[in-house]
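Chemist: Sequence and computational prediction follow.
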Amino acid sequence: MTKIALVTGAEGFIGSHMVKFLQAKGWDVIGLHLQDVPASLPKLPNLRFAQCDLRNGQRVTQVLEKYQPTHVFHFGAQSLPTLSWSNPVQTFESNIMGSLYLFEAVRHLKRHPVVVSACSSAEYGHVPASAIPVTEEQALEPLHPYGISKACLDMLAREYFLDYGIPAVNLRLFNTTGPGKTSDAPSDFVRQLIRIKKGQQQPVIEVGNLKPHRAFLDVNDTVRGFYLAALKGKPGEAYNLCATATHEIGDLLRIAIRLSGVKAEIRPVKRLMRPSDERIIFGSTRKIRKDTGWKPVNSIEQTLDSMLRYWDATL
């Protein structure tokens, strides 16, 4: 049977990588995007795009009935925790109501597709040092509207599995980065280095707190995790998706500088310092490894090198 994937948030960072990954696997892929088709979306065989605002339940139902997907990869969301503070209503409308409309549309299809949803490590909130690496059994105690919205998606998907038999699998994403990523420390470092290399910026890299430890997963490992979860994940279950080692943010900067060949002063600036930073964010991936055989294959050096090449070609 031909596999037909419907990918929400196809114009986003992970969604855009997901559609290309599935297309290369020979799947028929329909990428849903919020606005007009971005010029950056690829034109490839077996890959189509459709405009769909997930907050429009009628349109969501129309799209799913038209394409009858065998698999849904749900990335469409307001994904910035900082924006969720300033606009919690929009965040809840997009992330909770948008997801509810999606699951309602899936429920009324004659054949229920597998639904793999992008949930978040933000659902856990503050995790005590004794519980790190955090497992899926950790209590969900989110600290901001974005985290709350993702906990709602997590529980909503499980409810639709229990009540309607929809094969829903949830992946709780930790830090993910790679080519095309913006608004995280590695992408900020890399873009500054490329601007310095091209003479667009003085040889000074402005930084925030370099002491926290984070486990950055390469986006190519991330989309492979979603793919394996769709094929081998247990319906009704949630899985952490995280890199297998943490790095101090300062070490990531030093690796990026070494790979770029650029000489630059590192300058801490107050505006980039957060009021509080968790010392470490790190998730156990034992469960997803056991159930799907997934494991990351890209080193942090390979990830940063691919990001340097991407921004060198883009800026």
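Modeler: On my side now, so go ahead.
Chemist: thought residue 73 was touching residue 3?
Modeler: No. Residue 73 lies out of contact with residue 3 (Cβ atoms under 8 Å); the separation is 11.5 Å. Quick note: C-beta positions are derived from backbone N, CA and C, even for glycine.
Chemist: Neighbour count: those two, which is higher?
Modeler: Neighbours were counted for residue 73 and for residue 3 using other Cβ atoms under 10 Å; residue 73 has more, 33 against 17.
Chemist: Let me know how buried the spatially closest residue to that one that is not a sequence neighbour is, in neighbour terms.
Modeler: Sequence neighbours aside, residue 7 is the residue nearest to residue 73 in space, at 4.6 Å (criterion: Cβ to Cβ, 6 or more residues apart in numbering). The local packing of residue 7 (other Cβ under 10 Å) involves 30 other residues.
Chemist: wait, what's in contact with residue 7?
Modeler: Contacts for residue 7 (Cβ atoms under 8 Å, 6 or more residues apart in numbering) come out as 15, 18, 19, 22, 29, 30, 31, 32, 72, 73, 75.
Chemist: Just to be sure, it is in a strand?
Modeler: Yes. Residue 7: assigned to a strand according to DSSP: H, G, I helix; E, B strand; the rest coil.
Chemist: and it, how far is that from residue 280?
Modeler: From residue 7 across to residue 280, the span is 32 Å (Cβ to Cβ, to the nearest Å).
Chemist: Give me the buried positions along whatever helix or strand residue 106 lives in.
Modeler: Following DSSP states H and E, one finds residue 106 within helix 98-107. Neighbour-count burial for helix 98-107, counted by 16 or more other Cβ atoms under 10 Å, picks out 98, 99, 100, 101, 102, 103, 105, 106.
Chemist: What I need now is those written out in TSV, including distance to residue 305 and pLDDT for each item.
Modeler: Putting those into TSV (distance: Cβ to Cβ, whole Å; pLDDT from 0 to 100) gives the following:
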residue	distance to residue 305	pLDDT
98	35	98
99	35	98
100	41	98
101	40	98
102	36	98
103	39	98
105	41	98
106	39	98
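Chemist: and stretch 87-105, how far apart are its ends?
Modeler: Its start and end residues considered, stretch 87-105 measures 26 Å (Cα to Cα, to the nearest Å).
Chemist: ok, residues contacting it?
Modeler: Stretch 87-105 is contacted by residues 8, 54-57, 60-61, 63-65, 72, 74, 76-78, 83-84, 115, 117, 145-146, 149-150, 152-153, 156-157, 160, 166, 168 when judged by Cβ under 8 Å, 6+ apart.
Chemist: run the last query once more with 7 Å
Modeler: Stretch 87-105 is contacted from outside by 8, 54-55, 57, 60-61, 64, 74, 76-78, 83-84, 145-146, 149-150, 152-153, 156-157, 160, 166, using Cβ atoms under 7 Å, 6 or more residues apart in numbering.
Chemist: Following element in sequence after the helix or strand residue 19 falls within, please.
Modeler: In this assignment (DSSP H and E), residue 19 forms part of helix 13-24. Where DSSP H and E defines the elements, the next helix or strand beyond helix 13-24 is strand 28-33.
Chemist: can you pull the contacts of residue 137?
Modeler: No contacts exist for residue 137 under Cβ under 7 Å, 6+ apart.
Chemist: Any idea what the residue nearest to residue 73 is bridged to?
Modeler: residue 31, residue 73 (DSSP bridges).
Chemist: how many other residues sit next to residue 4?
Modeler: By other Cβ under 10 Å, the residues close to residue 4 number 18.
Chemist: got a list of what residue 285 touches?
Modeler: Residues near residue 285 by Cβ under 7 Å, 6+ apart: 240, 241, 242, 244.
Chemist: Residue 193 belongs to a helix?
Modeler: Yes. The assignment for residue 193 by three-state DSSP puts it in a helix.
Chemist: who's in contact with it?
Modeler: Contacts for residue 193 were tallied using Cβ under 7 Å, 6+ apart; they are 256, 257, 260, 262, 264, 308.
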